[in-house]
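J.: 3D, please:
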Amino acid sequence: MKLGCIFKLAKKQVLFHERDEIENIYFLLSGKVSIYKMNEFGERKVIFILNKGELINEVFMSGVTTAVACEAFEKSVVIKFSKDDFINIMGEDFILVQNIIGALEHRNRRLCRQLKNSTYMKIEKKLAAKLYRLNREFGVDKGEWHFLNVSGVTVTYLADMLGCKRETLSRAMKMLQNQELVKIEGKKIYIKPNELSDFFKN
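T.: Below is the predicted model:
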């Protein structure tokens, strides 16, 4: 019996909004999606970029509304299961339950790192930490430099990820460029991960 429903998302298409009541659980089959939250000023704070194979929404069993929104970062394919169907599947597959718990633990660690990096750091160190993290997920080793192989990560998007103004982010990016930790060629961002790590940790 077929339980899951596969569908496509266009770039920037919203899957769900903040405070939506979600009766399904979603997994990303291909592409990338952004998980974000709006502040009281209507500014977007991107929390995660999720990749192929990841669980999209962890809130589906409690009956409460979601605290975040989800938008396609690029063309994506998603599979959804109804809450009741997925609970029944988990009841018959303990390995699946373990994998779900593992995914939630990983996400919690990522949130803890974000909280640590956002509390006391200056903006240029926050940016360095974010670029370092993006490199671990999307980086391509080009020798001295690593290329962030994720289209759409612009200065504006990085500002959304750090919850700051675009102008503030631009100044921080310029500082990293002046120290030869980052270079931008067209729309491509290159970094030196080891040097960036030393920069934001010291």
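
J.: so Val64 sits in a helix?
T.: No: using DSSP: H, G, I helix; E, B strand; the rest coil, the secondary structure at Val64 is coil, not a helix.

J.: How many residues are close by it?
T.: Val64: 11 surrounding residues under other Cβ atoms under 10 Å. Every residue, glycine included, has its C-beta placed from N, CA and C.

J.: gap between it and Arg19?
T.: 10 Å (Cβ to Cβ, to the nearest Å).

J.: what do you get for Gly63?
T.: From Gly63 to Arg19 the distance is 13 Å (Cβ to Cβ).

J.: Over to Gln179?
T.: On the measure of Cβ to Cβ, Gln179 and Arg19 end up 42 Å apart.

J.: got it, and Met173?
T.: 33 Å.

J.: hmm, back to that, pick out whichever of Gln179 and Arg19 has more residues nearby.
T.: Gln179 (14 against 11).

J.: Per-residue pLDDT of the more buried one, please?
T.: For Gln179, the pLDDT comes out at 94.

J.: repeat for Val155
T.: For Val155, the predicted pLDDT is 87.

J.: Phe200: neighbouring residues, count only.
T.: By other Cβ under 10 Å, neighbour count at Phe200 equals 20.

J.: right, and it touches Lys122 too?
T.: No: contact criterion Cβ atoms under 8 Å: Phe200 and Lys122 do not qualify, at 9.3 Å.

J.: which residues touch Val155?
T.: 166, 169-170, 173 (Cβ atoms under 8 Å, 6 or more residues apart in numbering).

J.: need the next SSE after the helix or strand bottoming out on mean pLDDT in the chain, C-terminal direction.
T.: Every helix and strand in the chain was compared by mean pLDDT, DSSP states H and E; the lowest is helix 94-119, with a mean of 83. Counting by DSSP states H and E, the next helix or strand C-terminal to helix 94-119 is helix 123-138.

J.: Report the inter-axis angle for that next one versus helix 94-119.
T.: 160 degrees (axes from the mean of the first three to the mean of the last three Cα atoms, to 10 degrees).

J.: Tell me which residues touch Thr65, please.
T.: 18-22, 59.

J.: And those residues, which is closest to Arg44?
T.: Of all these, Arg44 sits closest to Glu18, with 10.8 Å by Cβ to Cβ.

J.: if I look at Ser170, how far off is Val155?
T.: Taking Cβ to Cβ, one finds Ser170 at 6 Å from Val155.

J.: Please enumerate the strands of the chain.
T.: 5-9, 14-16, 24-30, 33-38, 44-50, 69-72, 76-82, 139-141, 146-148, 182-185, 188-191 (DSSP state E).

J.: from those, which stretch is densest packed?
T.: strand 69-72 (a mean of 21; mean count of other Cβ atoms under 10 Å).
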